[in-house]
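**Student:** Below are the sequence and a predicted model for it; my questions follow.
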Amino acid sequence: MRRLLLGHSWAQMGLVVLIVVLANLLAARHFVRVDLTADRLYSLDEASKAIVQRIDRPLVVKAYFTPGLEAPYNNHARIVLDKLEEYRAYAGGRMTVESIDPGARPEAAAEAARYGLTQLEYTVREADRAELRKIWMGLVLLYGDRQVVLPSLADLSSLEYDLSSAIHALQQKAEDQKVIGWTLGHGEPDYTREAGPVRTIVEQLSKKYVVRPVTLGGPGGVPEEVDALLVVGPQQPYGERALWQLDQFVMRGGALAAFLTGTRPDLRSLRTTRVVSGLDPLLGHFGVQVNRDLVIDRVENGQLRFPVRSGGKMGLRDINHPAIVKATELSRTSPLTAGLDSMLLPFTGSLTPGEPAPGVTVEVLARSGKASGSIPSLESLDPAKLREVLEGERRGPFPVLVTLTGSFRSFFETRGVPAPDPDAPAADEDEPATEPTPLIEGASTRILVAGSADFIANNTAFMLNLVDWLVKDEALIGIRSKIATLPGLQPTTPEARNGWRAAHLLVPTLLLLAYGGWRQLARRRRAQGRAA
């Protein structure tokens, strides 16, 4: 009997161990996570799951982290490794994660350096001294003979997007990589030379796409390999040949985004000048009219740096300016504006969507606020002159960002093919340009028009979304919109503020009076009950 009981005990123990092992194996492949955040910030997006499930060969992720860090980096390694483990769970056994401390072994640090990782400067504060150290905090993703390096993970707000984008880039073949053109030759900002926000956006795009300059006006057309074209703030008017090249690019199915402005500010003289791009007739033919006005908003606006005299000295100060329009009325159906609360449109003109042609869909992505106005021109940047309603000012809201989707007919259907501009250089001087066959009916494509040329420098997230949308690679847009940020405070009207003040004064008083009346009534009832 004792042997039988002992056998049963060992069998039960074996079954418990087997159940625990099987439960862990099952949980590794099928797990449940409860995420109560509004945008499911801490759960993998369906697009991320689809991307990692397309892995068809071993993917090795090497995480190089210096351990024992203090705030704000004390939990970075754990957060990154937890997120990688979640990716691994959906990879079907084809993804491995290695956590490496480069400080433990010299060969590990040398390996990290060969991959292109660089050390970050990190200040350690102890009692009465501060010490500057160098730490490792980066990832290397190896996929066959290809690799992607994330050299710095100091900011984890976009961790899922960075990881999914890196895996997506590893899966793409070189011949499938999309080409984004940036027009030059008419006073547009030259991203190949200028620094600043424009260069930063191009560097972000270059991680996923090929970005190349495109010169318009000369012989030939837009190069065949260009999939989408960005026209950013031309300062000189486009001639007939350049318009024809854009028209034919759209006809063959190329996607176009035009960021135009009719007002150019000069912060030295605090004056403005008018700008004519010459694109109005072409864009009007496609379905959206660019108006020659300036939208101002005295309630919802951004800041402009002004020279201000203080204490006998001149200095620069950021001052809210009505010409820096803050658009909060955004489309809630378009993936381009998903996760965005507002966008800044400095010196923007209004747009008028026309009656769409058959098969063309027009969508207004952003409008100025209800308190905005439209004026024909602005001569001085002095905000004091814009405090009162101006003569001829029209009340808003106004469309300032519009998309067109569908097939279009050529603007040059009855105009003929213009001759090349003799002063315009060829797009590629090494290869003679060939004249494309004129197209009258276009393939399905996408167009975006913005009334502000300075829009791109103030809306980086939207620009990255836009290029993905233009080339119909929208899988990562939803992931990018999940970046964890604190919601901003929205300005209130004077009427609303007065209402809240009155409520704060009256409601407590009324509640106190109601409570006193109820107590008095209860006492009377008890007194009447005792008297009876």
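**Tutor:** Cool, got the structure. Bear in mind the structure is a predicted one, so any value in this text is a computation, not a measurement.

**Student:** Buried residues, stretch 229-243. List them.
**Tutor:** Across stretch 229-243, burial judged by 16 or more other Cβ atoms under 10 Å covers 229, 230, 231, 232, 233, 234, 238, 239, 240, 241, 242, 243. Every residue, glycine included, has its C-beta placed from N, CA and C.

**Student:** Also stretch 160-180?
**Tutor:** Applying 16+ other Cβ under 10 Å to stretch 160-180 flags 160-171, 178-180 as buried.

**Student:** do the same with stretch 394-406
**Tutor:** So for stretch 394-406, counting by 16+ other Cβ under 10 Å, buried means 396, 397, 398, 399, 400, 401, 402, 403, 404, 405, 406.

**Student:** of those, closest to residue 381?
**Tutor:** Distance to residue 381 across these (Cβ to Cβ) is lowest for residue 400, with 19.5 Å.

**Student:** how much distance is there from whichever strand or helix holds the closest one to the middle of the chain?
**Tutor:** Assigned by DSSP states H and E, residue 400 belongs to strand 399-406. From the chain centre to the centre of strand 399-406 is a distance of 17 Å (Cα atoms, centre = their mean, to the nearest Å).

**Student:** so residue 399 sits right up against residue 367, yeah?
**Tutor:** Yes. Between residue 399 and residue 367 a contact is recorded at 5.6 Å, counting by Cβ atoms under 8 Å.

**Student:** list the contacts for residue 395?
**Tutor:** When contacts are counted by Cβ atoms under 8 Å, 6 or more residues apart in numbering, residue 395 touches 372, 373.

**Student:** roughly how far apart are it and residue 459?
**Tutor:** According to Cβ to Cβ, to the nearest Å, residue 395 and residue 459 sit 25 Å apart.

**Student:** Max pairwise distance over the buried residues of stretch 160-180: which two?
**Tutor:** For those, the farthest-apart pair by Cβ to Cβ is 160 and 179; their separation is 26.7 Å.

**Student:** Domains in the chain, by residue range?
**Tutor:** Each domain of the chain is listed here as a residue range: 46-170, 179-472, per automatic domain parsing.

**Student:** and those domains, which is most packed in?
**Tutor:** Ranked by mean neighbour count under mean count of other Cβ atoms under 10 Å, those are led by domain 179-472, which reaches a mean of 18.

**Student:** now do the same end-to-end measure for that domain.
**Tutor:** Start-to-end span of domain 179-472 (Cα to Cα, to the nearest Å) is 13 Å.

**Student:** pretty sure residue 479 is touching residue 49, no?
**Tutor:** No. In this structure residue 479 lies outside contact range of residue 49 using Cβ under 8 Å: 10.6 Å.

**Student:** and which of the buried residues of stretch 394-406 is nearest to residue 72?
**Tutor:** Nearest to residue 72 among these, counting by Cβ to Cβ, is residue 401 at 35.5 Å.

**Student:** Now for that closest one: which residues touch it?
**Tutor:** The contact partners of residue 401, by Cβ under 8 Å, 6+ apart, come to 327, 343, 345, 351, 364, 365, 366, 448, 449, 450, 451, 455.

**Student:** Adding distance to residue 284, write these out as a markdown table.
**Tutor:** Converted to a markdown table, these look like this (distance: Cβ to Cβ, whole Å):
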| residue | distance to residue 284 |
| --- | --- |
| 327 | 22 |
| 343 | 24 |
| 345 | 20 |
| 351 | 10 |
| 364 | 16 |
| 365 | 18 |
| 366 | 20 |
| 448 | 15 |
| 449 | 10 |
| 450 | 15 |
| 451 | 13 |
| 455 | 20 |
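
**Student:** Restricted to strands, list those residues.
**Tutor:** Members of those lying in strands (criterion: DSSP state E): 327, 343, 345, 351, 364, 365, 366, 448, 449, 450.

**Student:** Would you mind checking the average pLDDT for the helix ranked longest in the chain?
**Tutor:** Counting residues, the longest helix found in the chain (DSSP state H) is helix 494-531. The pLDDT scores in helix 494-531 average 81.

**Student:** which of the residues in that helix are buried?
**Tutor:** Applying 16+ other Cβ under 10 Å to helix 494-531 flags no residue as buried.

**Student:** Nearest to residue 119 among the ones in strands among the contacts of residue 401?
**Tutor:** Distances from residue 119 to the ones in strands among the contacts of residue 401, taken by Cβ to Cβ, are shortest for residue 343, at 36.5 Å.

**Student:** residue contacts, the closest one?
**Tutor:** By Cβ under 8 Å, 6+ apart, the contact list for residue 343 reads 326, 327, 330, 337, 366, 401, 455, 458, 459, 462.

**Student:** Kindly recompute the last result at 10 Å.
**Tutor:** Residues in contact with residue 343 (Cβ atoms under 10 Å, 6 or more residues apart in numbering) are 302, 325-328, 330, 337, 365-366, 400-401, 450, 452, 455, 458-459, 461-462.

**Student:** Next one: it, what pLDDT does it get?
**Tutor:** In this model, residue 343 carries a pLDDT of 91.

**Student:** Same check on residue 261?
**Tutor:** Looking at residue 261, the pLDDT reads 88.

**Student:** now do residue 338
**Tutor:** Residue 338 is given a pLDDT of 76.

**Student:** hang on, isn't it packed against residue 332?
**Tutor:** Yes. Between residue 338 and residue 332 there is a contact at 8.4 Å, judged by Cβ atoms under 10 Å.

**Student:** ok, residue 335 to residue 204 distance?
**Tutor:** In terms of Cβ to Cβ, residue 335 sits 18 Å off from residue 204.

**Student:** same thing with residue 406?
**Tutor:** Taking Cβ to Cβ as the measure, residue 406 falls 29 Å from residue 204.

**Student:** partners of the helix or strand containing residue 124, with directions?
**Tutor:** Take DSSP H and E as the rule and residue 124 turns out to sit in strand 120-126. Partners of strand 120-126 in the sheet, by DSSP bridges, are strand 129-135 (antiparallel).

**Student:** looking only at pLDDT, what's the mean for whatever helix or strand comes next after the strand it pairs with?
**Tutor:** Per DSSP H and E, the first helix or strand lying C-terminal to strand 129-135 is strand 137-143. The pLDDT scores in strand 137-143 average 92.

**Student:** And the pLDDT for the residue nearest in space to the middle of the chain?
**Tutor:** Nearest residue to the geometric centre of the chain (Cα atoms, centre = their mean): residue 461, 1.3 Å. Per-residue pLDDT puts residue 461 at 83.

**Student:** distance of it from residue 344?
**Tutor:** Taking Cβ to Cβ, one finds residue 461 at 12 Å from residue 344.

**Student:** What of residue 77?
**Tutor:** For residue 77, the distance to residue 344 equals 36 Å [Cβ to Cβ].

**Student:** Same check on residue 350?
**Tutor:** Taken as Cβ to Cβ, the span from residue 350 to residue 344 is 16 Å.

**Student:** what's the answer for residue 21, then?
**Tutor:** Separation of residue 21 from residue 344 (Cβ to Cβ): 56 Å.

**Student:** next one: residue 216
**Tutor:** Residue 216 is 28 Å from residue 344, by Cβ to Cβ.

**Student:** Same question for residue 75.
**Tutor:** 33 Å.

**Student:** One more: residue 290?
**Tutor:** From residue 290 over to residue 344 the distance is 19 Å, taken as Cβ to Cβ.

**Student:** got it, and residue 205?
**Tutor:** The value you get for residue 205 to residue 344, if Cβ to Cβ is used, is 20 Å.

**Student:** now residue 90
**Tutor:** According to Cβ to Cβ, residue 90 stands 37 Å off from residue 344.
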